[in-house]
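J.: any chance you can model this:
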Amino acid sequence: MIAPYNRISSNFAYFLVFIAFLMSSRCWIGFEGRNTLFFYCLPVVLFMLISIGAYEIRNQSKYAMFAFLVYIANVYTMYRARGTFDIIGMANQAVLPVTTYLLLCLQDSQKELLLYHITKWFGMILIPGMIIYICSFFVNLPSLGIIQTHYGGDFYGEPCYNYLFYLKPITVGATGMFRFNGPLIEPGDLGCVSAFLLYATKFDFKRFKYLWAVLASLILTFSLAGYLLALFGYSAIMMTKNKFSSKKLLLGVLVFSAVIALGTYYNGGDNYINRSILSRLQDGELAIDNTNGRISTQKLEFFYFMFKNPSILWFGYDKATISFVNEQFGAGAGFYSQVLNIGILGIILYLLPYFYITLKSRDRRYALLYLVFLILYAYQRFDLFWISLILCYTFGICLKDKEFELCKK
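T.: Numbering: from 1, shown residues only. The predicted structure is shown next:
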């Protein structure tokens, strides 16, 4: 655990983890290679804090196995991309597993405190971001300049006005409106991370007061994936508490029906709700592009062809084919696109760490529902090894196990 006698070191360690949370979620502070530099330095700094007694960890074999499985998946992906195993590449792939292990081996009480700080600081960033977002509809606000969304060594998306707490694209998106994405690249990123944080904290707005800001930001993203995940997550939490009554189910159906009616009929369907959410539930190209992990109809043909060739199905297409598909039809972020890249074997390797940690849980119902939650997320976007998602998933299970043990005593 983090030594209580050294509050400065404790807060510094928490702050480092929070920065990792933001950068892994594709926050603008990680653009232009800063995220890579930070994640190389983070384990070194954590080891330094351990050496001076400011950051204490307790070795746990289940987290060592989790980190090892993450490493195996990363090495496999590297091999699929490069076609070879090289020493430098394999060493680079060890950075995330080592960092993950150091973060997950905190004492349970410190994990709860860290989750509280992450929620608080994230909410404190989102509140001014939402204010700027709303004001930007009515007045031209001064910005820090134009920033090119730059991530992972490549330019990503459209240039944005940088308002520190909010990135506003210069041009309006396909939905015909500006959706809230906070300091992250996409509204979908913010929506999904917020949904994970809500599930990890079990929608406990009394203990985690800044969850209200997280929930409000999720609503403003107009993210279909975020909405569906949050809805499933809330239902799952109610099930674990045995509070999912028929009355609440009926109320949920009525509210959902009211939203559909409002979006469909208000202003003849020309409104934010219909353009950003409901239209993406309908058949057609827009629905395929968004709910199916941003995969085009043409790319689906490549996916179905895989079942005619077991080798391609298990290991994915070769680099030349993938390059052609991505150039012609665009790179995707969801399940289908990842199967084309890494095959069924790669999908299994990416999910295996989460299966393992789920089976190690004491409160199986909570953990299994969280696993279903994760799989629903992976269907839309397959970024399973973000530090933010790993922390939310493992910390959520760990804290629920702690409650489960207390209830048994």
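J.: now do stretch 77-97: distance to the chain's middle.
T.: 23 Å (Cα atoms, centre = their mean, to the nearest Å).
J.: quick check: buried residues in it?
T.: Under the neighbour-count criterion of 16 or more other Cβ atoms under 10 Å, stretch 77-97 has 77, 78, 79, 80, 93, 95, 96, 97 buried. Where you see a C-beta, it was placed from the backbone N, CA and C, and this is true even at glycine.
J.: now swap in stretch 299-313 and tell me
T.: 299, 302, 303, 306, 312, 313.
J.: hmm, the last one is touching residue 305, no?
T.: Going back to what we said before, that points to residue 313. No: under the criterion of Cβ atoms under 8 Å, residue 313 is not in contact with residue 305, lying 9.4 Å apart.
J.: which residue is nearest the middle of the chain?
T.: residue 193 (4.2 Å; Cα atoms, centre = their mean).
J.: quick one: that residue and residue 184, what's the gap?
T.: Distance, residue 193 to residue 184, using Cβ to Cβ, to the nearest Å: 7 Å.
J.: re the thing from before, using pLDDT, spot the least trustworthy of the buried residues of stretch 77-97.
T.: Least confident of those in the model: residue 80, at 84.
J.: touching, that residue and residue 342? I think so.
T.: Yes: counting by Cβ under 8 Å, residue 80 does reach residue 342; the two are 5.4 Å apart.
J.: quick one: low-confidence residue ranges for the stretch 151-300 of the chain.
T.: For the stretch 151-300 of the chain, the stretches flagged by pLDDT under 70 are 151-157, 173-176, 243-253, 256-257, 260-261, 263-297.
J.: which residues in it form helices?
T.: Using DSSP state H, counting those that start in this stretch, the helices found in the stretch 151-300 of the chain span residues 187-200, 211-221, 224-240, 246-265, 272-276, 285-291, 297-305.
J.: so how far is the last one off the chain centroid?
T.: Which is helix 297-305. 26 Å.
J.: same for it, what does it pack against?
T.: When contacts are defined as 3 or more Cβ pairs under 8 Å, 6 or more residues apart in numbering; DSSP states H and E, helix 297-305 packs onto helix 285-291, helix 319-329, helix 335-359.
J.: can you do 7 Å?
T.: helix 319-329, helix 335-359 (3 or more Cβ pairs under 7 Å, 6 or more residues apart in numbering; DSSP states H and E).
J.: buried stuff in the shortest one?
T.: Of all the residues in helix 319-329, those buried under the rule 16+ other Cβ under 10 Å are 322, 325, 329.
J.: list the helices and strands that helix packs on?
T.: helix 297-305, helix 335-359.
J.: just to revisit the earlier point, can you tell me which one of the buried residues of stretch 299-313 sits lowest on pLDDT?
T.: residue 299 (76).
J.: was I right about it contacting residue 325?
T.: Yes: between residue 299 and residue 325 there is a contact under Cβ atoms under 7 Å: 6.1 Å.
J.: so what's in contact with those two at the same time?
T.: residue 340 (Cβ atoms under 7 Å, 6 or more residues apart in numbering).
J.: ok, back up a step: quick one: closest of the helices and strands packed on helix 297-305 to residue 29.
T.: helix 335-359 (26.2 Å; Cβ to Cβ).
J.: element containing the closest residue to residue 70 other than its chain neighbours, please.
T.: Leaving aside its sequence neighbours, residue 70 sits nearest to residue 97 (Cβ to Cβ, 6 or more residues apart in numbering; 4.7 Å). Secondary structure from DSSP states H and E places residue 97 in helix 95-104.
J.: which helix runs longest in the chain?
T.: Counting residues, the longest helix found in the chain (DSSP state H) is helix 108-135.
J.: show me which positions of that helix end up buried.
T.: 110-123, 125-127, 129-130, 132-133.
J.: centre of the chain to it, how far?
T.: 15 Å.
J.: what's next to the very next helix or strand once past that helix, contact-wise?
T.: As assigned by DSSP H and E, the chain's next helix or strand after helix 108-135 is strand 146-147. Strand 146-147 is contacted from outside by 28, 31, 159, 160, 161, 162, 167, using Cβ under 7 Å, 6+ apart.
J.: direction included, what does strand 146-147 pair up with?
T.: As defined by DSSP bridges, the strand partners of strand 146-147 come to strand 160-162 (antiparallel).
J.: if we can go back for a sec, what do residue 193 and residue 184 both touch?
T.: Counting by Cβ under 7 Å, 6+ apart, the contacts common to residue 193 and residue 184 are residue 25.
J.: helix or strand right after the host helix or strand of residue 48?
T.: Residue 48 belongs to helix 34-51 when assigned by DSSP H and E. Later in the chain than helix 34-51, the nearest helix or strand by DSSP H and E is helix 61-82.
J.: against which helices or strands is that following helix packed?
T.: Helix 61-82 packs on helix 87-92, helix 95-104, helix 335-359, going by 3+ Cβ pairs under 7 Å, 6+ apart.
J.: contacts for the helix holding residue 97?
T.: By Cβ under 7 Å, 6+ apart, helix 95-104 touches 17, 39-40, 42-43, 46, 57, 63-64, 66-68, 70-71, 74, 385, 390-391, 394.
J.: buried among these? Need that as a selection in ChimeraX.
T.: Buried residues among these (16+ other Cβ under 10 Å), as a ChimeraX selection:
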select :17,39,42,43,46,57,63,66,67,70,71,74,385,390,391,394
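J.: before we move on, back to that, quickly list what's touching both of residue 80 and residue 342.
T.: Joint contacts of residue 80 and residue 342 (Cβ under 7 Å, 6+ apart) are residue 316.
J.: quick revisit: just the buried members of the contacts of strand 146-147?
T.: Buried among the contacts of strand 146-147 by 16+ other Cβ under 10 Å: 28, 31, 160, 161, 162, 167.
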